[in-house]
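S.K.: missing the sequence, but the structure's below:
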Ligand SMILES: Cc1ncc(COP(=O)(O)O)c(C=O)c1O
């Protein structure tokens with residue numbers, strides 16, 4: 001029987017009512033027989049090291065093909081991928097990188113390790129980076145805009161690239177949450193100079209941990225290959241050569257063996273998520289007090305997370321009521337903007353007691369981060385609830401999710417009014 005017609009709708013499960021959902025939602029089924037075959041083949045080959053291995057080379061070739069990019073460079077994580085993209089630019093210490101306030105720490109940490117200062121711009125109603133705020137925050141120290149595509153949908157790359165072109169600034173894209181997702185028919189990650197992807201467990205395709213960068217720029221690709229490999233220029237005879245600084249951010253053959261077979265299917269995963277997400281969004285759009293996250297016009301939504309805002313209720317209480325109804329839910333993704341979550345920013349805890357690169361000097365004031373920096377983002381996070389349907393859900397699972405959210409909204413509204 002449909003959850004919407006039975007007695008489970010009378011009282012919140014939190015208050016002793018019957019939960020809308022009494023069985024778990026489906027798990028993702030990511031790794032099929034081909035992944036098993038390639039992992040076993042790799043083990044039997046006895047070569048797990050990425051350089052010189054066929055799996056990493058195959059992953060890079062197929063990933064580049066998928067996105068129509070000249071180069072793909074595989075690495076150990078999304079954080080590493082963003083670090084590669086930044087290192088490709090070779091900017092001066094003390095430069096500024098404009099980026100998003102709602103994101104994972106993996107977007108921010110590499111900026112600081114490249115001795116640059118993250119400059120946060122506020123979000124628009126679609127949770128993308130506000131192009132007007134980007135333009136306001138450009139200074140003579142701005143080295144790049146690092147655009148973040150949140151929850152499976154894009155920042156407005158049309159406008160962001162226009163602003164960047166006007167000022168002669170590079171654009172990098174963090175596509176960790178938005179694999180093979182199109183804006184105006186072009187994949188996110190193909191608008192900027194470099195697109196960076198995380199292949200961490202929760203992502204549209206995953207190697208447990210892992211990352212990839214894509215670019216058409218030969219010189220940037222070469223710098224990124226060196227940077228992930230301690231700066232080592234391999235394949236030369238005689239003394240070793242390390243023409244640039246780098247870290248060890250290499251992907252292993254086992255990671256690549258798991259990733260290779262997913263590349264052909266990741267777009268189908270995105271399309272399935274887009275369809276299920278749209279179904280849920282249209283159900284919730286009709287409910288008073290709820291605002292499902294919408295993409296910017298012209299952009300797909302691949303629903304890495306499904307977010308909605310609640311008006312008039314506390315997001316934490318709403319998420320707790322949903323969990324009692326049998327729906328895994330959380331308030332506000334990161335809870336607070338990333339500049340409040342990270343002590344490196346909020347308290348300048350970086351390198352020893354230096355506070356570097358936020359300590360100012362040379363006639364510049366110290367950089368401070370705190371509440372009020374991005375008021376729209378701060379408000380969104382206070383009102384936001386997230387749930388995480390995946391491509392293994394059936395339409396009925398989505399309908400249960402919708403019924404539970406609708407029930408919580410309706411009964412909480414009744415409690416408030418009566
Ligand atoms: C937007 C975004 N950027 C960067 C990262 C960092 O990726 P990783 O965890 O693979 O280092 C993540 C991972 O969750 C992310 O969601």
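M.R.: Received the coordinates, thanks. Every value quoted in this text rests on a predicted model; they were computed, and no experiment measured them. Numbering: from 1, shown residues only.
S.K.: drop to CA atoms for contacts and neighbour counts, all remaining ones
M.R.: Will do.
S.K.: Quick one: name the residues of the stretch 1-150 of the chain near the ligand.
M.R.: 77, 78, 79, 103, 104, 106, 107 (CA under 6 Å from any ligand atom).
S.K.: backbone phi and psi for residue 408, please?
M.R.: phi -60, psi -40 (degrees, to the nearest 10).
S.K.: residues contacting it?
M.R.: When contacts are counted by CA atoms under 8 Å, 6 or more residues apart in numbering, residue 408 touches 12, 318, 321, 322.
S.K.: quick one on the thing from earlier: which among the residues of the stretch 1-150 of the chain next to the ligand gets closest to residue 93?
M.R.: Nearest to residue 93 among those is residue 107, at 17.7 Å by CA to CA.
S.K.: Does the closest one belong to a helix, a strand or coil?
M.R.: Using DSSP: H, G, I helix; E, B strand; the rest coil, the structure places residue 107 in helix.
S.K.: separation between it and residue 136?
M.R.: From residue 107 over to residue 136 the distance is 21 Å, taken as CA to CA, to the nearest Å.
S.K.: Show me which of the two is the more surrounded one.
M.R.: residue 107 (28 against 9; other CA atoms under 10 Å).
S.K.: Does the more buried one touch residue 82 like I think?
M.R.: Yes - assessed by CA atoms under 8 Å, residue 107 is found in contact with residue 82 at 6.5 Å.
S.K.: any common contacting residues for these two?
M.R.: By CA under 8 Å, 6+ apart, residue 107 and residue 82 have these common neighbours: residue 174.
S.K.: ok, the closest residue to residue 245 other than its chain neighbours - contacts?
M.R.: Once flanking residues are discounted, residue 245 sits nearest to residue 231: 5.1 Å by CA to CA, 6 or more residues apart in numbering. Residue 231 is in contact with 242, 243, 244, 245, 246, 247, counting by CA under 8 Å, 6+ apart.
S.K.: The residue lying farthest from the centre of the chain is in what secondary structure piece?
M.R.: No residue in the chain sits farther from the centre than residue 238, which is 42.4 Å out by CA atoms, centre = their mean. Using DSSP states H and E, residue 238 is not contained in any helix or strand.
S.K.: pLDDT score for it?
M.R.: Looking at residue 238, its pLDDT reads 92.
S.K.: How many neighbouring residues does the residue in the stretch 301-418 of the chain that the ligand sits nearest to have?
M.R.: Using CA to the nearest ligand atom, the single residue of the stretch 301-418 of the chain nearest to the ligand is residue 304, 9.1 Å away. Using other CA under 10 Å, residue 304 is surrounded by 26 other residues.
S.K.: Look at it and give its secondary structure.
M.R.: Under three-state DSSP, residue 304 comes out as coil.
S.K.: pLDDT score assigned to it?
M.R.: 98.
S.K.: okay but it is in contact with residue 177, surely?
M.R.: Yes - the pair formed by residue 304 and residue 177 meets the contact definition of CA under 8 Å, at 5.8 Å.
S.K.: Residue 146 looks like it's in a helix, true?
M.R.: No - assessed by three-state DSSP, residue 146 does not belong to a helix; its assignment is strand.
S.K.: Run through the bridge partners of it.
M.R.: residue 172 (DSSP bridges).
S.K.: and it, how far is that from the ligand?
M.R.: With the distance defined as CA to the nearest ligand atom, to the nearest Å, residue 146 ends up 10 Å from the ligand.
S.K.: so where's this structure uncertain?
M.R.: The model of the chain has pLDDT under 70 over residues 1-8, 416-418.
S.K.: all strands of it, in order?
M.R.: Remark: strands assigned in the chain by DSSP state E are 71-75, 96-99, 117-120, 142-148, 170-174, 182-183, 186-187, 194-198, 211-215, 290-292, 306-310, 330-331, 384-387.
S.K.: Let me have those in a markdown table, adding mean neighbour count and distance to residue 345 as columns.
M.R.: Below are the strands of the chain laid out as a markdown table (neighbours: other CA atoms under 10 Å; distance: least, CA to CA, whole Å):
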| stretch | mean neighbour count | distance to residue 345 |
| --- | --- | --- |
| strand 71-75 | 28 | 26 |
| strand 96-99 | 25 | 14 |
| strand 117-120 | 24 | 9 |
| strand 142-148 | 26 | 17 |
| strand 170-174 | 26 | 20 |
| strand 182-183 | 21 | 32 |
| strand 186-187 | 17 | 32 |
| strand 194-198 | 30 | 23 |
| strand 211-215 | 29 | 25 |
| strand 290-292 | 21 | 30 |
| strand 306-310 | 23 | 26 |
| strand 330-331 | 22 | 23 |
| strand 384-387 | 24 | 23 |
